[in-house]
Structure formats: structure tokens, C-alpha cells
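S.K.: got a predicted structure here, sequence first:
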Amino acid sequence: MARNDQFMVGLDLGSTKTCALVCQPGKEGKLRVAGLGLAESKGWRKSLIVNLDLTVLAVKKAVEAAETAAGISITSAYVGVGGTHIKGLNSRGAVALGKAPDATATITQEDILRVLHASRPETLPADREIVYMESQDFVLDAHEGIRNPVGMSGARLEANVHLITASSIAVRNVITAANMAGIKVLDTVYEPFAAAGACLTADDRELGVALADVGGGSTDLIVYAEGAIRHTASIPVGGDHFTNDIAVGLRTTIPEAEKVKVSWGEHQADSNPDACVEVNGAGERPTRVVSYTLLDDIIRPRILDLVELIRDELDRCGLRGQLGAGVVLVGGGAKLGGLLPVAEQTLEVQVRLGQCTGFEDKGESPLGPEFATAVGLVAYANRRRLLRDAQEKGTVARILDFLRGKGDGV
């Protein structure tokens, strides 16, 4: 088997599927897919783990499949967290720069760390923790909109930040599930943030873009403007709600309703208005033939309901008018037939399916929107690796300069 330190692993625990993606570093910071493992998720309800044993079993199956494909033994991974327990908030902090009141000083990286720390809420509820924090911009002596103040001089530095908080219990259960499956969690990453790293460009973030991750139990939303996160939220409607509506409306089982949902989505490209699908009844109910027109009547109201909730959330945070790059849909539910045109009409912005980038050979890569979180987790791991390598090279360079008499030491 190949050496494990040559690989990076992303583990996406969803309420519908569990995905383990293994990648190798490629050329010029790109990724090369080495293995992919999928397993049906069980033990989840409304984006929360409700049966730990079933969740662990799904993780083991996905990891084992990825191990077989990659030819390695997986012992650690970057793991995604998301769902309705996630809450986002904007905050602000300030610090004095000079040693005396109103005295000025040159801003250092340590000052950035101090002001970011001051931006954290003094208290959080005991059951919540911060899973991610990002600076939006800085204010230096009343001069606003500064992206990077390091090297500038001033007396008072303020920072506007976005904080993403999560239920401590929910995060702990995800980590526990991974640990019980034999996986050490290197870091937990907010799933839409990971997906954004896989599907969005710097121009998207600058122009303004919303990414909606349509999962099984919920739809998670992250909004960027002027290069930074401005809003995060979770909407309690996802692909499972479509499936449940079909099961109730057609009096069939959940697995059968899921098949019908997929069939309906594929039918959207078919121009035959009289097409039908066979549906197995629940229990002893006989098989019946159902028209796609009837399925339209069941599914489209739920699609409109979801899109209107996304619109309301964007209006509530005041950012719908700032989405120059539109809305990007990812997640397993993003490919549901009819969702994209209804979203464009309702949101009145450009809407597209997310496509994962950053691979050496796209022909070998799982580029569909349903894999955006898994790809983003590996991309996050790769960025961490590149940063660590750059820091180590910088340290080595300073040591060499010192030994050559060109520097003052490390």
C-alpha cells in the first residue's frame, strides 16, 4: 500500500449519504482523486444523529470502499458539520494599538490576532461553540473597508467578523461517530464553507454570491459579498421532505418514493407529457401507474416552498440585491428536476449548479454538485498542506540565511 501521508481524506456525513473522498496532491496545487466511497446514511433525523451505531456503520462502509479504491488504510480525515443547529452572526471588536492612549503604532500580525479575539462574544451559551470565524474587513481610526491593515499605522483598530456557531453536542456526536469508525478527526469544517471552496471563485465572492447546499434534512446557506462571508443560515427543508411528500401522496414506502423522485427529476428533460411511472404500494397495496403530471402536483409546491424560504432569508439579511454572481446550488437535492428554473424565477438572479474545480484531470473526478462538500473538505486539507509547506520552507530559508550570515536568526 502507498504511504498514508501522501493522501488527504474528506468525510461527509449526510442524512442521506455518507461519502469518503481520498485525494493526492497533484501538480501546481491541484488534486488527483485516488478513491471514493459511498454508503447509505442511516441513524439521522433532521440533520442530527439519532442512532450512533447506524451512523458509525455507514462511516465504516464508506471508508472501507474508499480504502479499497485508493489502496490505503484511512486513519484520519477532515469532517464536515452542518444542519439546522448551525447559527451565524456578525460581530465587531476593537483594540488600541499604541502603548499610551491615542498613541499610534504600526499594525502587526499579532494586532490582527488581538482584534479578532476581541471580536468574539464574551459569552456563548454553554451548549454552543464557534466552528469558524472569518474577518470581513477592518476599520483603522474610522477609515472603513480595509482588507489587510498589516503595516499600516494608527491608534485604534476594529474588525468586523462573521462567526459560525454550532451545537456542541451535535458536533461532538459527529466526531464520536468518526472516532468509533476508527477515524481521527483532524478538523471539523462547516459544510457550505467547504463546498464554497470547491465551487466558488474569487470573482464570485467579490461580486456577491449565495451558495445553497440542499441536503437531505436541511438546506444550508452561505452568502459572500466583497470577498468575505456576510451571512450563514440553515433552512429546515431538504430532499427528504420531497421524498416524504411523495410517500404520503402516493401511499408508498420511503425507498420507493426516493426512486420515484429521481425518476421524476430525470423526466423533466423528457417532452412527453403523457409519460407515467410504476409505483410499488406500501404493505400489501398493489403496484399502480402514476402520471408525471400527478407527481408535478406533489413535488412542485415543495420546490416553491424551499425557494421562497431561501428568498426570504436573503431578504432578511438584506443581501439578495448584492448577488452579482447569483446563486449556486450544491448537494444531493440540487439536481432535483425543476428546482433550478423555479429558483431563477423566484429569486430573480442567475442560478447555476455548482461544479467542483481544482483537479488535474476532471475526467477522473467526481465533479457533480452532490460531492461538493466532500471535494471541499479535501480542498481545505490541501490548502492547509500548502500553507504548512510554505511556512516550513520559510523557516528553512531563514535558517539557511542565518547560517550564511545573511540574517539575524530565526
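M.R.: Looks like it arrived, so ask away. If you're wondering where the values come from, they're calculated on a predicted model, not measured in any experiment.

S.K.: buried set for the host helix or strand of Thr55?
M.R.: Using DSSP states H and E, Thr55 maps to helix 52-70. Neighbour counts over helix 52-70 (16 or more other Cβ atoms under 10 Å) mark 54-67, 69-70 as buried. The way it works is simple: take the backbone N, C-alpha and C, and place the C-beta from them, glycine included.

S.K.: burial of Arg114, as a residue count?
M.R.: Using other Cβ atoms under 10 Å, the number of residues around Arg114 comes to 18.

S.K.: surely it and Ala94 touch.
M.R.: No. The criterion here is Cβ atoms under 8 Å, and Arg114 misses it with Ala94 at 10.0 Å.

S.K.: remind me which residues of the stretch 151-300 of the chain are low pLDDT?
M.R.: Across the stretch 151-300 of the chain, residues meeting the criterion (pLDDT under 70) sit at 268-273.

S.K.: what about 80?
M.R.: For the stretch 151-300 of the chain, the stretches with pLDDT under 80 are 265-274, 283-284.

S.K.: can you give me the strands for it?
M.R.: Per DSSP state E, counting those that start in this stretch, the stretch 151-300 of the chain carries strands over the ranges 153-154, 156-167, 184-190, 209-214, 219-225, 228-235, 276-279, 288-291.

S.K.: out of these, deepest packed?
M.R.: Burial of these is given as mean neighbour count (mean count of other Cβ atoms under 10 Å); strand 209-214 ranks first at a mean of 29.

S.K.: okay, now the sheet partners of that one, with direction.
M.R.: When sheet partners are counted by DSSP bridges, strand 209-214 sits next to strand 219-225 (antiparallel), strand 327-330 (parallel).

S.K.: hey, where'd the helices end up in the protein?
M.R.: With DSSP state H as the criterion, the chain has helices at 52-70, 109-119, 168-180, 191-199, 202-207, 239-250, 254-267, 292-316, 339-347, 372-403.

S.K.: and the second one, how far out from the chain middle?
M.R.: Translated: helix 109-119. When C-alpha coordinates are averaged (Cα atoms, centre = their mean, to the nearest Å), helix 109-119 and its chain have centres 26 Å apart.

S.K.: quick one, it and strand 156-167 angle?
M.R.: Orientation check (axes from the mean of the first three to the mean of the last three Cα atoms, to 10 degrees): helix 109-119 against strand 156-167 gives 50 degrees.

S.K.: for helix 109-119, buried residues please.
M.R.: Residues of helix 109-119 classed as buried under the neighbour-count rule (16+ other Cβ under 10 Å) are 111-112, 114-116, 118-119.

S.K.: so which elements touch that helix?
M.R.: Contact analysis of helix 109-119 by 3 or more Cβ pairs under 8 Å, 6 or more residues apart in numbering; DSSP states H and E lists strand 87-96, strand 128-140, strand 156-167 as its packing neighbours.

S.K.: closest one of the buried residues of helix 52-70 to Leu221?
M.R.: Thr55 (24.4 Å; Cβ to Cβ).

S.K.: any idea how far Arg45 is from that closest one?
M.R.: Counting by Cβ to Cβ, to the nearest Å, the separation of Thr55 from Arg45 is 11 Å.

S.K.: ditto for Arg92
M.R.: Distance, Arg92 to Arg45, by Cβ to Cβ: 37 Å.

S.K.: now Gln136
M.R.: Using Cβ to Cβ, one gets 34 Å for the distance from Gln136 to Arg45.

S.K.: what do you get for Val79?
M.R.: 19 Å.
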